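Novice: predicted coordinates and the sequence they were generated for:
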Amino acid sequence: MKFASVIVDVPVMQTDRAFDYKIPDQWQELIKPGMRVIVPFGSRKVQGFVTHLKNESEFKKLKSISELLDLTPCLTSELLNLGNWLTEKTLCFKISAFQAMLPAAMKAKYEKEISIPYGHNREMLNESIQPFFKKSTAIDWKDLEDKLPLRDIQKEIERGHLEVIYKVKQKGNKKTVKMISSNLSKLELREIVDSLPSQAMKQKEILSYFYETKNVESVSMQDLLTVLNCSDASVRTLVKKGYLAETTKEVYRDPYEDRQFKKSLPLVLTTEQTTVIAPILKNIENNSHEVFLMYGVTGSGKTEVYMQAVEAVVRKGKEAIVLVPEISLTPQMVNRFKGRFGSQVAVLHSGLSTGEKYDEWRKIQRKEVKMVVGARSAIFAPFENIGMIIIDEEHESSYKQEENPRYHARDVAIYRAKKHGCPVVLGSATPTLESFARAQKGVYHLLPLTERVNNRSMPTVEIVDMREELRSGNRTMFSTLLLEQLDKRIQKGEQSVLFLNRRGYSSFVMCRDCGYVIGCPHCDISLTYHRHGQKLKCHYCGHEEQMPNQCPECQSEHIRFFGTGTQRVEEELVKVLPQARIIRMDVDTTGRKGAHEKLLTQFGNKEADILLGTQMIAKGLDFPDVTLVGVLTADTMLHLPDFRASEKTFQLLTQVSGRAGRHELPGEVIVQTYTPEHYSVKLASHHNYDIFYETEMILRKQHAYPPFYYIALITVSHPEVTKVAAVTEKIVHHLRRQLSSETRILGPVASPIPRIKDRYRYQCMVKYKRENNLNDILKKVLEHYQQQIHQDDLSISIDLSPSTMM
DNA sequence: GGGCACATGGGT
DNA sequence: CCCATGTGCCCA
């Protein structure tokens, strides 16, 4: 008799441990660690993960597992261990760690229903309740929660006239198609066709199809109907008569079904590429683990190196994980891998539907692919024989998850690569200071790529001082130089990309007379103006209101929106360059699925002269006829309260500049800024990462920031300011006593956004070099506030190595 | 997260 | 004494 230890889907501290269950006889041999199950827990049923099997349990009265959801474990033993490690490293619940490793489709949904038990009926119920059961004998609790007479319902439940039913639903399902086949011989079929009455023409046709088409064993219902142009009624009759058989078959949803990928063959590597790939190949060959930092300027051919290294991995019979920032924004990477490796590639990114992601994941699980190209969570791909992990654009902030578990894909990659004895390749033109510093120290193996393929020169970068423009009377957001150059491209039939850095500078509404800015009533942040329906929206809580005609403070009518949303830039652009064809890319125009790609394809087909957009156009775009890139506001990000502000600005500017002149035509970049003297703007324009690195490192050292110190950020939130301040203060006090004197503890201070969704937010920052017990100490803090978190609406979130201070 | 047992406290 | 609300604990 075996027992199973199960981690249940109840993400609270009290249940963050394994519970034992009996295994029903029929699953004794089948069940394995890493499988999902449904188990009774308290009064209801929940999903859980089997972590261990054992022959004995200290608990006497065990319940049995009610359902087995997997036939093959969805978590390998390696992933189970990884889950425990994640739990320790990020201070999250075990269940959250496990769920983070699987596609959303595999997470359970729970429903609560109130229903009339079998043998009872509506008339037996109290009159106040009866109307709710007019349509059916069961109602969804969530739909009517606040409308129901609670007291009466409770009484009826006590009397047994109503019962509560909990349902566990699986979100994603395998996609199936109906298949039609016939087990009859040709002769039999022909006889049946002849015996059918003459008015059953369609039925005759259908059966004829089966004996005429020789090698058809079974055909999907859908195909059958389109080929023969008939309705499914006739087919169903034939099935009923027993002439045809209906079965279901699982199919994969293929997100790239109707897409052609340009086939590509390995290119001859440049000398530099050859030098760089050699140590990686050696690692692959020897099954040894090293972290490589491939530091290569844009256009130096990193992707080709990745692909040839992956090829070596595949040749060795191993698998590769390739991480890309947010891939729907960088479709070109998928295209290149699909073009080279075809159906050996699984793709996992946010642009896919839940079902599509599930199917791609299953291809990995079933070992039907040799590699995955995907965003952050693809690092948990259930491969068992990993030969290499690549993280492209290593500096991208999307590799850090901003909810629990707050992990960084880079850390997970290194953890897994160590276990598998394989290399990790980090690639970037602008590595994070952390990674570059490690490479300098020899912790990572630095692989520099300094030349652009085909010796293309870097684009020239002009910095335009917008203060000068204003002084000389130009009040538009386009400098004279930029307009001139845009115009020139249109005349030459070349294309331009205009980049608007919108973060921290979206269109807010301000009164010109009194300076009043309209803010969100629930969050301490200004509302953003949305053209669509003249609405004001809050970015953080979704609050919406109408754009007022007059200032709520002083009743002045001079109230209008400021800032530069993409919509406004487009309007202004049309005014000054009426002949330009513009494609605008922002949340509004790319909302629908696939819209993003469609716009890019249009631009690629030269259906427009100018592509205008926010961050999302900064990455991975590669169009041969783009010869001009304009950055409208280079420095908006510089003023955010974030110690990485300069680094991010530098990365972004470098990134954007890289979009120009990637092919035969030389490129030009124009950067508009109000702070042209800032080192990150200046150095980005000279493509000088090395000096930027040195300059920034000095500052980081001075201010005790990474990579010189580690950081932990504790954010406390609660509806009352006093409460938040008091708790944060207490935590700070406690930490001051527990941590070493070398460690700096800052705070309590209000968070950069002091209130979100009517909750006040305070934070405390811990800067440390060595704190062996930090995780334990912080865990204790969380435990200490357990009750208040539970019943007093307090929330404490801990981010060990935050990527943003917000 | 959700239920349950027990405590508190105010109202008729 | 009724019940509504709060609090601590348990779930295998």
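Specialist: Yep, it's here.
Novice: around DNA strand C, pick out the residues from chain A.
Specialist: A:10, A:12, A:14-15, A:18-22, A:39-42, A:57, A:59, A:61-63, A:151, A:787, A:791 (Cβ under 7 Å from any atom of the strand). Using the backbone N, CA and C atoms, a C-beta is placed for each residue, glycine as well.
Novice: which of these fall within helices?
Specialist: A:151, A:787, A:791 (DSSP state H).
Novice: quick one: contacts for the first one?
Specialist: This points to residue A:151. By Cβ atoms under 8 Å, 6 or more residues apart in numbering, the contact list for residue A:151 is empty.
Novice: just list what the host helix or strand of residue A:87 packs against, helices and strands only.
Specialist: Assigned by DSSP states H and E, residue A:87 belongs to helix A:77-90. Here helix A:77-90 touches helix A:94-100, helix A:409-420, going by 3 or more Cβ pairs under 8 Å, 6 or more residues apart in numbering; DSSP states H and E.
Novice: return the most buried member of the ones you listed.
Specialist: helix A:94-100 (a mean of 23; mean count of other Cβ atoms under 10 Å).
Novice: residues in contact with it?
Specialist: Taking Cβ under 8 Å, 6+ apart as the rule, helix A:94-100 contacts A:7-11, A:16-17, A:48-49, A:75, A:80, A:83-84, A:86-87, A:90, A:107, A:377, A:380, A:401, A:404-405, A:407.
Novice: residues in chain A within reach of DNA strand B, list them.
Specialist: Going by Cβ under 7 Å from any atom of the strand, the residues of chain A near DNA strand B are A:10-12, A:14-15, A:41-44, A:110, A:112, A:164.
Novice: can you go through the residues you listed and name the buried ones?
Specialist: A:10, A:15, A:41 (16 or more other Cβ atoms under 10 Å).
Novice: in a markdown table: those residues, plus pLDDT and distance to residue A:416.
Specialist: Shown next, in a markdown table, are these (pLDDT from 0 to 100; distance: Cβ to Cβ, whole Å):
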| residue | pLDDT | distance to residue A:416 |
| --- | --- | --- |
| A:10 | 96 | 28 |
| A:15 | 96 | 28 |
| A:41 | 96 | 31 |
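Novice: any idea which of the residues you listed is the one closest to residue A:249?
Specialist: Closest approach to residue A:249 among these (Cβ to Cβ): residue A:41, at 35.0 Å.
Novice: now do the contacts for the closest one.
Specialist: So, once contact is read as Cβ under 8 Å, 6+ apart, residue A:41 ends up touching A:8, A:10, A:19, A:48.
Novice: bridge partners for it, pull those for me.
Specialist: Beta-bridge partners for residue A:41, by DSSP bridges, are residue A:44.
Novice: mind checking the SS state of whichever residue of the stretch 201-350 of chain A sits closest to DNA strand B?
Specialist: Proximity of the stretch 201-350 of chain A to DNA strand B (Cβ to the nearest atom of the strand) peaks at residue A:350, 23.6 Å away. Three-state call for residue A:350 (DSSP: H, G, I helix; E, B strand; the rest coil): coil.
Novice: pretty sure it contacts residue A:375?
Specialist: Yes. Counting by Cβ atoms under 8 Å, residue A:375 is a contact partner of residue A:350 at 6.2 Å.
Novice: quick one, which of the two is more surrounded?
Specialist: residue A:375 (23 against 14; other Cβ atoms under 10 Å).
Novice: so where's the stretch 151-300 of chain A shaky on pLDDT?
Specialist: Within the stretch 151-300 of chain A, the segments meeting pLDDT under 70 span A:172-173, A:214-217, A:258.
Novice: circling back: for the buried ones among the residues of chain A next to DNA strand B, give me JSON lines that also has distance to residue A:803.
Specialist: Converted to JSON lines, these look like this (distance: Cβ to Cβ, whole Å):
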{"residue": "A:10", "distance to residue A:803": "29"}
{"residue": "A:15", "distance to residue A:803": "30"}
{"residue": "A:41", "distance to residue A:803": "35"}
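Novice: tell me the contacts of residue A:175?
Specialist: A:250-253, A:355, A:359.
Novice: let's go with 10 Å and repeat that
Specialist: A:249-253, A:355-356, A:358-359 (Cβ atoms under 10 Å, 6 or more residues apart in numbering).
Novice: in strands, which of those residues fall?
Specialist: Those of these mapping onto strands are A:249-251, per DSSP state E.
Novice: circling back to that earlier point, closest one to residue A:546 among the helices and strands packed on helix A:77-90?
Specialist: In terms of Cβ to Cβ, the element of these nearest to residue A:546 is helix A:94-100, at 39.2 Å.
Novice: scan chain A for its longest strand.
Specialist: strand A:744-756.
Novice: tell me which other helices or strands the helix or strand just after that one touches.
Specialist: Downstream of strand A:744-756, the next assigned helix or strand under DSSP H and E is strand A:759-768. For strand A:759-768, the packing partners by 3 or more Cβ pairs under 10 Å, 6 or more residues apart in numbering; DSSP states H and E come out as strand A:710-718, helix A:721-738, strand A:744-756, helix A:774-784, strand A:795-800.
Novice: tell me which of these sits most buried.
Specialist: Comparing those by mean count of other Cβ under 10 Å gives strand A:710-718 as most buried, with a mean of 23.
Novice: that one relative to strand A:795-800, how many degrees between them?
Specialist: Angle, strand A:710-718 to strand A:795-800, by axes from the mean of the first three to the mean of the last three Cα atoms, to 10 degrees: 170 degrees.
Novice: in its sheet, which strands sit next to strand A:710-718, and in what direction?
Specialist: Strand pairing (DSSP bridges) places strand A:710-718 next to strand A:759-768 (antiparallel), strand A:795-800 (antiparallel).
Novice: okay if I get those strands as CSV plus mean pLDDT?
Specialist: Shown next, in CSV, are the strands paired with strand A:710-718 (pLDDT from 0 to 100):
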stretch, mean pLDDT
strand A:759-768, 95
strand A:795-800, 96
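Novice: out of those, which gets nearest to residue A:228?
Specialist: strand A:795-800 (59.7 Å).
Novice: residue nearest the centroid of chain A?
Specialist: With distances taken as Cα atoms, centre = their mean, the residue of chain A nearest its centroid is residue A:350 (5.2 Å).
Novice: sorry, back to before: got the angle for the helix holding residue A:87 vs helix A:774-784?
Specialist: 80 degrees.
Novice: okay, strands next: where are they in the stretch 301-450 of chain A?
Specialist: Taking DSSP state E, counting those that start in this stretch as the test, the strands found in the stretch 301-450 of chain A are A:319-323, A:345-348, A:371-374, A:386-392, A:424-428, A:445-449.
Novice: contacts for stretch A:464-477, please.
Specialist: Contacts of stretch A:464-477 (Cβ under 10 Å, 6+ apart): A:478-483, A:500, A:564, A:568-569, A:572-573, A:575-576, A:630-635, A:670-677.
Novice: re the thing from before, let me see the mean pLDDT of the helix holding residue A:87.
Specialist: Averaged over helix A:77-90, pLDDT sits at 97.
Novice: do the same with stretch A:576-584
Specialist: Mean predicted confidence for stretch A:576-584 is 90.
Novice: quick check, residue A:120 in contact with residue A:157.
Specialist: No. Applying Cβ atoms under 10 Å, one finds residue A:120 not in contact with residue A:157, separated by 11.7 Å.
Novice: which neighbours do those two have in common?
Specialist: In contact with both residue A:120 and residue A:157: residue A:163, using Cβ under 10 Å, 6+ apart.
Novice: more neighbours, those two?
Specialist: residue A:120 (17 against 13).
Novice: hmm, back to that, which members of the residues of chain A next to DNA strand C are positioned in strands?
Specialist: A:18-22, A:39-41.
Novice: and the closest residue to residue A:228 other than its chain neighbours, what does it touch?
Specialist: Nearest non-adjacent residue to residue A:228, counting by Cβ to Cβ, 6 or more residues apart in numbering: residue A:205, 5.6 Å away. Residue A:205 sits next to A:193, A:212, A:227-230, A:234 when contact means Cβ under 10 Å, 6+ apart.
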